[in-house]
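Chemist: Quick one: sequence plus predicted model below, questions after.
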Amino acid sequence: MLNVTLLFTILCQQKTNMMLKPVPFVPPAWASALRHPPSKKLRLGHFPTPILPFSPPGLPEGVRMFIKRDDFSGLETSGNKIRKLEFLLADALEQKADCIVTCGGVQSNHCRATAAVARMLGLDSYLLLRTNKPDEDPALVGNLLFDRFVFIFMLDANIIQMSRQEYGKYGSETMIKRTCDRLREEGRRPYAIPVGGSNGLGTWGYIEAIDEINNQLKVGLDLTGIGLGSYLYAKAYPDAALDFGAKIPTHAYIVCDNDEYFHGHIEGQIMPTMGAPSSISSREFLQITNAQGTGYARSTKKELEFIYSVSRTTGVLMDPVYSGKALFHLIRELNEKPEKFVGKSILFVHTGGQFGMYDKVNDLQEVIRQDQVTRFAME
């Protein structure tokens, strides 16, 4: 009789091998207008992620809200970034790459997920991280803690720091290309992934997400809200709305750059790469609202107080860079124009990133209640 433990081990290994090998990809029928679909993908995330009722503090009476929990996509790969990586890393394997080069901020969710998946696939990762102090050790907090030490399969992520001035002067594409050139000179086979994995191939991860949402929802939607630092979710939603004929407006709350930047990238780079009809305009279904506050990855006291109140009242942990800011500004907008939203159903997409809260420890000291910690006493 086969040992039960051995059988379980064999089944787990078979499942792991299936996850780490590219599988055929068949795009949803409604995306047939996109003429350049990929042929393969990896199965890396835990999908579908659930959609649940959601009542954050400040939600006006008469407005229904649901939350798409893309932060449930996996621990080390938590967040929506893994959706893009399922397609990008499949392409890297097809091209026989032996290492991955990408770029992001010092607390980048994308870089953290990339480092995790690269290690799972046996690939080295080179992370170009933008920081105010490029000559100092970035310390072990938040996503960097995961990238460098916590999980053994994420060891050996090669961290290359750059200043914000260097980033502004040369740009991420040039810096990624230069790093790839140096690796090729050493005999390596690098695969370049842009900031946030934001290109036409990565967008297919969000086409799948829209298909997933459409299959899950049993209620009609009037609005979709999401926090953006890269533009792929915003690109996929208008495509889906056009093809389904649902005309569901998407409100993207951006945490960097401006609306012209995002519309320009969507219409000038992403759509042509995917083979989208030139008649499609992201402005038809995508409304972009500035939610930067004091700047990218910087939090105001009001924003942190709101994030804290959300966790206390709903049990949902937000992140300080994307979803937290997006929800903060969405609730503000709902209260500024309540008559516009009463009777409406809204889907808010939680894109993960909670590890970034570790970087806000000092700021949170002024926000989190301390009176709930007491000392046990027998008498």
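Modeler: Looks like it arrived, so ask away.

Chemist: which stretches of the protein form helices?
Modeler: In the chain, the helices defined using DSSP state H lie at 4-19, 81-94, 109-120, 142-145, 164-170, 172-185, 200-216, 232-244, 259-265, 271-274, 301-314, 323-336, 338-341, 361-364.

Chemist: could those helices go into TSV alongside mean pLDDT?
Modeler: Putting these into TSV (pLDDT from 0 to 100) gives the following:
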stretch	mean pLDDT
helix 4-19	50
helix 81-94	96
helix 109-120	89
helix 142-145	47
helix 164-170	90
helix 172-185	97
helix 200-216	89
helix 232-244	47
helix 259-265	84
helix 271-274	84
helix 301-314	94
helix 323-336	92
helix 338-341	86
helix 361-364	75
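
Chemist: Residue 47 is nearest to which of those?
Modeler: For these, the distance to residue 47 is smallest for helix 200-216, at 6.5 Å, taking Cβ to Cβ. Where C-beta positions appear, they are placed from N, C-alpha and C, glycine not excepted.

Chemist: Of the helices of the chain, flag the one that's most buried.
Modeler: Sort those by mean neighbour count, taking mean count of other Cβ atoms under 10 Å, and helix 109-120 sits at the top with a mean of 28.

Chemist: so what secondary structure elements neighbour that helix?
Modeler: Applying 3 or more Cβ pairs under 8 Å, 6 or more residues apart in numbering; DSSP states H and E, one finds that helix 109-120 contacts helix 81-94, strand 99-105, strand 124-131, helix 142-145.

Chemist: CA atoms of stretch 35-55 as CSV?
Modeler: Output of stretch 35-55 as CSV, limited to C-alpha atoms (Å, rounded to 0.1, in the frame of the first residue of the first chain):
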residue,chain,number,x,y,z
ARG,A,35,-5.4,40.8,-32.6
HIS,A,36,-2.1,39.9,-30.8
PRO,A,37,-3.0,37.4,-28.0
PRO,A,38,-0.2,35.4,-26.3
SER,A,39,-0.2,31.7,-26.8
LYS,A,40,1.1,30.6,-23.4
LYS,A,41,1.0,31.6,-19.7
LEU,A,42,2.0,30.3,-16.3
ARG,A,43,-0.3,29.4,-13.4
LEU,A,44,1.2,31.3,-10.5
GLY,A,45,-1.5,33.1,-8.6
HIS,A,46,-4.4,31.7,-6.5
PHE,A,47,-7.3,32.6,-8.8
PRO,A,48,-10.1,33.4,-8.8
THR,A,49,-9.8,35.9,-6.0
PRO,A,50,-13.1,36.4,-4.1
ILE,A,51,-15.5,39.3,-4.5
LEU,A,52,-17.1,40.2,-1.1
PRO,A,53,-19.6,42.8,0.2
PHE,A,54,-17.7,45.7,1.6
SER,A,55,-18.8,48.6,3.9
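
Chemist: Now do the buried residues in it.
Modeler: Buried residues in stretch 35-55, defined by neighbour count with 16 or more other Cβ atoms under 10 Å: 37, 38, 41, 42, 44, 45, 47, 48, 49, 51, 54.

Chemist: Grab the nearest non-local neighbour of residue 129.
Modeler: Among residues not flanking residue 129 along the chain, residue 106 sits closest, at 4.8 Å (Cβ to Cβ, 6 or more residues apart in numbering).

Chemist: I figured the one you found hits residue 128, correct?
Modeler: No: between residue 106 and residue 128 there is no contact under Cβ atoms under 8 Å: 10.5 Å.

Chemist: any common contacting residues for those two?
Modeler: Common neighbours of residue 106 and residue 128, using Cβ atoms under 8 Å, 6 or more residues apart in numbering, are residue 161.
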